[in-house]
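Enquirer: Starting from these lines, generate the structure:
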Amino acid sequence: MVQSVLLIGAVMTIVLVLLGIGLLKASSRAKYLPYYPGMVIFATGVILATIPTIVGKVTILGAGLGGWGIAFMFSSSIGFILTSIVDAYTSAEAA
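Expert: Model prediction:
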C-alpha cells in the first residue's frame, strides 16, 4: 500500500511539474496561471483524505482514498515548489 501511494505521488508530481512549466512558458501575462493545477490537486487531496472518515475503507489501485489524498497533497506541494523555482529563474532572466 505504501508503494502504490509513493508511485501515485511521484507520477502526479511529474505531471504537475510538467504542466506548471508548460503553463509558465505559454502564459506571459497570467501571473498565477501555472499555480492553478497545483491548487486544484491540493484541494482534491484534502477531499480525498477526508472522505474515508465518512464513507469507510475504499481501495482504488492498491491505495485507499486517504492514500490517494496524501499522494495528491504531496505532489501538489512538490509541484508548487518546483514551479515557483522555475518561475523565479525565468522572471530573473526577463528583468
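Enquirer: For the helix ranked longest in the chain, name the packing helices and strands.
Expert: As assigned by DSSP state H, the longest helix anywhere in the chain is helix 65-94. Secondary-structure packing of helix 65-94 (3 or more Cβ pairs under 8 Å, 6 or more residues apart in numbering; DSSP states H and E): helix 2-26, helix 36-55. (Each C-beta comes from the backbone N, C-alpha and C, glycine too.)
Enquirer: which other residues reach the longest one?
Expert: By that I understand helix 2-26. With contact meaning Cβ atoms under 8 Å, 6 or more residues apart in numbering, helix 2-26 is reached by 33-38, 41, 61-63, 67-68, 70-72, 74-76, 78-79, 82-83, 86-87, 90.
Enquirer: residues of that helix that come out buried?
Expert: Using 16 or more other Cβ atoms under 10 Å as the test for burial, helix 2-26 gives 4-5, 8-9, 12-13, 16-17, 19-21, 23-24.
Enquirer: Excluding chain neighbours, give the residue nearest to the residue nearest the centre of the chain in space.
Expert: By Cα atoms, centre = their mean, the chain has its centre lying nearest to residue 76, at 2.6 Å. By the measure of Cβ to Cβ, 6 or more residues apart in numbering, the closest residue to residue 76 outside its immediate chain neighbours is residue 42, 3.9 Å from it.
Enquirer: Then residue 79?
Expert: Nearest non-adjacent residue to residue 79, counting by Cβ to Cβ, 6+ apart: residue 16, 3.3 Å away.
Enquirer: Report pLDDT for the one you found.
Expert: pLDDT, residue 16: 93.
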